[in-house]
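Undergrad: I need the structure of the sequence given here:
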Amino acid sequence: MTNNRILTKILLGLIVIISIVGFILVISDLIAEGVILLAIATIIGVASKQIRIHDKDNPIAVLKMRLAKGEITNEEYEEIDQNFNI
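TA: Below is the predicted model:
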């Protein structure tokens, strides 16, 4: 085997090793980002639950929620809206 072939095989081996290390680093970054995204989603979920709790005190929000859930019809919603000037 000539020196050029040996150097070529060594360089190809190094390229493969560098590629594998790069792949591992990218995967670890994605995992880290996923954890961060999960934490953000949890924080947002907690915040939205707090907002929903406060909406229960707001008659307009309750009325809209009942409409969205199908507990009242559009006609009932409009009638309540007209009667109470919401």
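Undergrad: all strands for the protein, in order.
TA: For the chain, strands defined by DSSP state E do not occur.
Undergrad: quick one: low-confidence residue ranges for it.
TA: 1, 27, 30-56, 85-86 (pLDDT under 70).
Undergrad: what segments of the protein are helices?
TA: All helices of the chain, identified by DSSP state H, fall at 3-55, 59-69, 74-84.
Undergrad: only C-alpha atoms, please: export the last one in PDB.
TA: Okay, so that is helix 74-84. Presented in PDB, the C-alpha positions along helix 74-84 are these (Å, rounded to 0.1, in the frame of the first residue of the first chain):
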ATOM      1  CA  ASN A  74     -76.400  31.000  19.100                       C
ATOM      2  CA  GLU A  75     -80.000  32.200  19.500                       C
ATOM      3  CA  GLU A  76     -79.800  31.900  23.200                       C
ATOM      4  CA  TYR A  77     -76.500  33.600  23.300                       C
ATOM      5  CA  GLU A  78     -77.900  36.600  21.200                       C
ATOM      6  CA  GLU A  79     -81.000  36.800  23.400                       C
ATOM      7  CA  ILE A  80     -78.900  36.900  26.600                       C
ATOM      8  CA  ASP A  81     -76.600  39.500  24.900                       C
ATOM      9  CA  GLN A  82     -79.600  41.700  24.000                       C
ATOM     10  CA  ASN A  83     -81.300  41.300  27.400                       C
ATOM     11  CA  PHE A  84     -78.300  42.100  29.400                       C
END
